[in-house]
Every structure is written in C-alpha cells, then in structure tokens.
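>>> Next one to model:
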Amino acid sequence: MSKPSLKIKTNSNFSDSIVEWYKIYGRHDLPWRNSVTPYKVWISEIMLQQTQVKTAIPYFKKFVRKFPTLRSLKNASEDEILSLWSGLGFYKRARNIFAAKEIIFDQFNGKFPTTFEKIIKLPGIGRSTAGAILSIAFNNGTPILDGNVKRIIVRHFDLPEDTRDKELWNYSEIMLSKNDPFIYTQGIMDVGAMICRPIDVSCNDCPVSSTCLQAFKPKIKLRNNVKAVKPVIEMNLLLCRHDNELLLKKVDDQEIWRGLWIPPEKSVISKKIITNKTKLTKIEHHLTHRFLKINLYETHVKSKFKPRSNEESKWIHIKKIKKFAIPAPIRAYLENG
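The predicted structure is shown next:
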C-alpha cells in the first residue's frame with residue numbers, strides 16, 4: 001500500500017473497522033466511484049460480474065463516454081451496446097443492459113428504480129448486485145455476497161469451505177454497517193480484493209485481523225480449482241471482401257457471440273466463390289469455458305451476393321466496422337489484416 005500504515009483499533013466492531021480502513025486505503029480512484037450515480041453503479045456492477053476490476057476499467061470509461069447518463073442510453077440499440085462490449089466477453093451482460101434499460105424507460109419513467117423488489121427484477125441483476133446498487137448508489141443498507149465477501153466471511157468465522165450460501169447471507173447481513181452502507185460495501189469489496197485475496201493474503205494490513213479466526217494462518221485457496229479441460233469448438237468462417245466492404249452476418253443461433261457480427265460459415269457460401277486464391281488464417285482464442293479454433297478463410301469477390309442463410313447479413317464498409325459488435329479475435333484480425 002502506498003499510504004502510511006494505520007492500525008485500526010482492535011476493539012472496534014467489524015463494520016466500523018472496515019469503514020475506517022476504506023476511508024484511508026480504499027480504491028477511491030476507480031472511475032465509477034467518482035460522481036456516484038445509480039446509472040454508473042449499475043453499469044460497473046454488471047461489468048464486474050465475472051471480470052476483474054483492471055480489465056473492466058477501460059471498458060467502463062469507453063461506455064460512459066458514449067453514454068454518460070441513463071437518459072443518453074434511452075435510444076441506444078442493442079448493436080451499439082454490444083459494440084462497446086466487444087472484447088470484454090460474457091456478452092449476455094450487454095444484452096441484459098439493453099433489456100434492463102428498455103424496462104426502466106417503459107415502466108419506471110426513465111428513472112432507475114430505488115427498491116430491492118424492483119431492482120432485482122431487472123435482467124442481469126441478482127441479489128448481490130441489487131444489494132451493491134442499493135448500498136452504494138442510495139446508501140440503503142443491503143447485504144452483498146460476491147466472491148470477495150464470501151471469502152472474508154468463511155475465513156473470519158472459520159467456516160467450512162462448503163458452507164451454504166443461505167448461511168453466508170445471514171453472516172453478511174449481520175456484518176453490514178447500517179450507519180454507513182455506502183462506505184462499508186465498497187470497503188469490504190476492497191478488503192477482499194486487496195488484502196484477503198484467494199492467495200498471497202496480507203493479514204498484517206487487514207483491519208479486522210484481530211477478530212479473524214484464520215488470521216496469520218496458512219491459507220488454502222478456497223475451492224481448490226483443478227483446471228478443467230475446455231471443450232474445443234472449431235469454426236470455419238469465410239471473410240469475403242468486395243472493394244472496401246466486408247460481408248458479415250449477425251449471430252443468432254448459437255450460445256457464444258449471439259448478437260455479434262462475424263464472417264459467415266464457409267458452408268453457406270457457394271463453392272464458386274472459393275478459389276485457389278483463398279487465404280487461410282488459423283486463430284486460437286480462449287474463452288472462460290471454451291477453446292475456439294477458428295479457420296478463417298479470406299477471399300476477394302467480383303460482386304456482392306447474399307449467403308444461403310436466414311441469418312441477417314450485411315456488406316459493411318471497412319471504415320464503419322468499429323460501429324459493429326465484433327468478437328475480439330475477429331476484430332483483431334480485421335484491424336491488423
């Protein structure tokens with residue numbers, strides 16, 4: 001830590017210790033913590049689902065540059081939102097943002113809802129995300145239970161690793177600061193991310209180490225993750241160029257990349273199009289739960305045509321490619337090719 005050492009009073013209760021620690025050591029410079037609004041908290045919390053903070057930051061900045069307020073998001077298309085998400089992965093989150101904003105403007109007069117019952121009904125928002133939004137955006141004390149908080153609870157109270165979420169939620173609610181949920185919620189997130197990490201734990205810097213039952217003991221990473229073998233998905237795509245335009249199709253029939261634009265499958269293109277001059281590039285790309293092997297064929301055609309497919313397709317000028325949601329490995333190829 002770059003700031004001077006501070007030892008929180010050991011007789012302070014749990015939540016007070018977290019609050020005092022955050023005031024000095026917390027990550028106050030995170031972009032969604034500047035000028036806090038329900039909209040910014042919502043977007044950041046959705047991005048942080050299954051994504052590390054350092055990875056989410058540039059995407060968040062890009063998103064709020066394009067759509068700085070909830071009102072500015074009103075007329076955004078799903079394609080526009082997905083294009084800003086390109087490379088971040090888990091694209092269902094972007095589709096959930098689109099679906100949620102439609103509900104917000106249709107049912108809540110364009111204002112972000114302020115109650116747990118209404119917030120949790122928005123697509124992509126579960127109990128923990130709703131709690132974070134209520135606590136941070138509205139200072140309404142509501143417990144959260146993300147991975148960081150789970151790890152702190154299990155270690156602090158020396159609970160079995162397989163403790164059920166129902167019991168962990170009870171602990172989270174008891175530990176919550178009712179006086180300052182805005183600071184406490186951000187604080188416990190940061191303690192988990194900065195100090196009580198899965199490995200390389202810094203008990204000396206922890207504000208609640210004096211009451212932690214596992215403090216200064218060797219830590220076993222929770223849920224000893226044995227790397228599972230990822231299923232391999234092989235794709236054969238054909239990138240057709242005509243002058244300065246590319247043929248892309250919108251994915252609508254598969255779990256990965258649904259709603260994004262990619263070259264059509266080679267199988268739906270007439271064999272007459274594929275010549276000896278067709279170039280083949282092999283691309284390998286790791287997703288969280290899958291491994292993609294992409295055989296990307298490229299050819300130049302004399303005239304435009306429509307693929308033998310019911311999926312939406314377009315000839316897109318290369319200067320307009322950035323406006324479309326294109327998966328990271330395909331976008332990288334187009335930008336470097």
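>>> burial measure for Cys212, as a count.
Cys212 is flanked by 18 other residues according to other CB atoms under 10 Å. Glycine gets a C-beta too; all of them are placed from N, C-alpha and C.
>>> ok, the closest residue to Lys306 other than its chain neighbours to Asn236 distance?
In space, Lys306 comes closest to Ser313 once its chain neighbours are excluded; the distance is 6.5 Å by CB to CB, 6 or more residues apart in numbering. To Asn236, Ser313 is 17 Å away according to CB to CB, to the nearest Å.
>>> So these two - more neighbours on which side?
More neighbours surround Ser313 than the other of Ser313 and Asn236, with 18 against 14 (other CB under 10 Å).
>>> Next up, the contacts around the one residue sitting closest to the centre of the chain.
Most central in the chain under CA atoms, centre = their mean is Met47, positioned 3.1 Å from the mean C-alpha point. Listed by CB atoms under 8 Å, 6 or more residues apart in numbering, the contact set of Met47 reads 56, 59-60, 63, 88, 93.
>>> Just name the closest of the residues you listed to His156, please.
Ala56 (26.6 Å; CB to CB).
>>> Work out for me the element the closest one sits within.
Using DSSP states H and E, the element containing Ala56 is helix 53-66.
>>> Then Glu234?
Per DSSP H and E: strand 232-242 holds Glu234.
>>> looking only at pLDDT, what's the mean for that strand?
Strand 232-242 carries an average pLDDT of 91.
>>> next one: stretch 52-68
Averaging pLDDT along stretch 52-68 yields 96.
>>> what's the neighbour count on Glu335?
Neighbours around Glu335, by other CB under 10 Å: 11.
>>> buried set for the longest helix along the chain?
The single longest helix within the chain, with elements called by DSSP state H, is helix 92-107. If you call a residue buried by 16 or more other CB atoms under 10 Å, then helix 92-107 has these buried ones: 92-98, 100-101, 104-105.
>>> Then stretch 130-144?
Buried-residue list, stretch 130-144, by 16+ other CB under 10 Å: 130-138, 141-144.
>>> Which members of these occur in helices, if any?
130-138.
>>> now the residues you listed as CSV including pLDDT and distance to Cys196?
Shown next, in CSV, are those (pLDDT from 0 to 100; distance: CB to CB, whole Å):
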residue, pLDDT, distance to Cys196
Ala130, 98, 23
Gly131, 97, 19
Ala132, 97, 18
Ile133, 98, 23
Leu134, 98, 23
Ser135, 97, 19
Ile136, 97, 20
Ala137, 97, 25
Phe138, 97, 26
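>>> so Ile294, which of the three states?
Assigned with DSSP: H, G, I helix; E, B strand; the rest coil, Ile294 falls in the strand class.
>>> what does Val191 give?
helix.
>>> quick one: the residue nearest to the centre of the chain from Ala325, how far?
15 Å.
>>> swap in Asn140?
From Asn140 to Ala325 the distance is 34 Å (CB to CB).
>>> Then Val268?
For Val268 relative to Ala325 (CB to CB), the value is 21 Å.
>>> Mind giving me the packing neighbours of the helix or strand following the strand holding Glu234?
Remark: after strand 232-242, the chain's next helix or strand is strand 245-250, criterion DSSP H and E. With contacts defined as 3 or more CB pairs under 8 Å, 6 or more residues apart in numbering; DSSP states H and E, the packing partners of strand 245-250 are strand 232-242, strand 261-262, strand 313-317.
>>> Measure how the next helix-or-strand element following the second one sits relative to strand 232-242, angle-wise.
This points to strand 261-262. Counting by DSSP H and E, the element after strand 261-262 in chain order, helix or strand, is strand 279-286. With axes from the mean of the first three to the mean of the last three CA atoms, to 10 degrees defining the directions, strand 279-286 sits at 140 degrees from strand 232-242.
>>> Pull up the pairing partners for strand 279-286, direction included.
strand 291-300 (antiparallel) (DSSP bridges).
>>> what angle sits between the strand it pairs with and strand 245-250?
Going by the same axes, to 10 degrees, strand 291-300 makes 140 degrees with strand 245-250.
>>> Convert the C-alpha atoms of strand 291-300 to PDB, please.
The C-alpha trace of strand 291-300 is given here as PDB (Å, rounded to 0.1, in the frame of the first residue of the first chain):
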ATOM      1  CA  PHE A 291     -11.400 -23.000 -26.500                       C
ATOM      2  CA  LEU A 292     -12.100 -21.800 -30.000                       C
ATOM      3  CA  LYS A 293     -10.200 -22.900 -33.100                       C
ATOM      4  CA  ILE A 294     -11.200 -20.600 -36.000                       C
ATOM      5  CA  ASN A 295     -10.200 -21.400 -39.500                       C
ATOM      6  CA  LEU A 296     -10.700 -18.000 -41.100                       C
ATOM      7  CA  TYR A 297     -10.700 -18.100 -44.900                       C
ATOM      8  CA  GLU A 298     -10.500 -14.900 -46.900                       C
ATOM      9  CA  THR A 299     -11.200 -14.200 -50.500                       C
ATOM     10  CA  HIS A 300     -12.000 -11.200 -52.800                       C
END
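>>> That'll do, ta.
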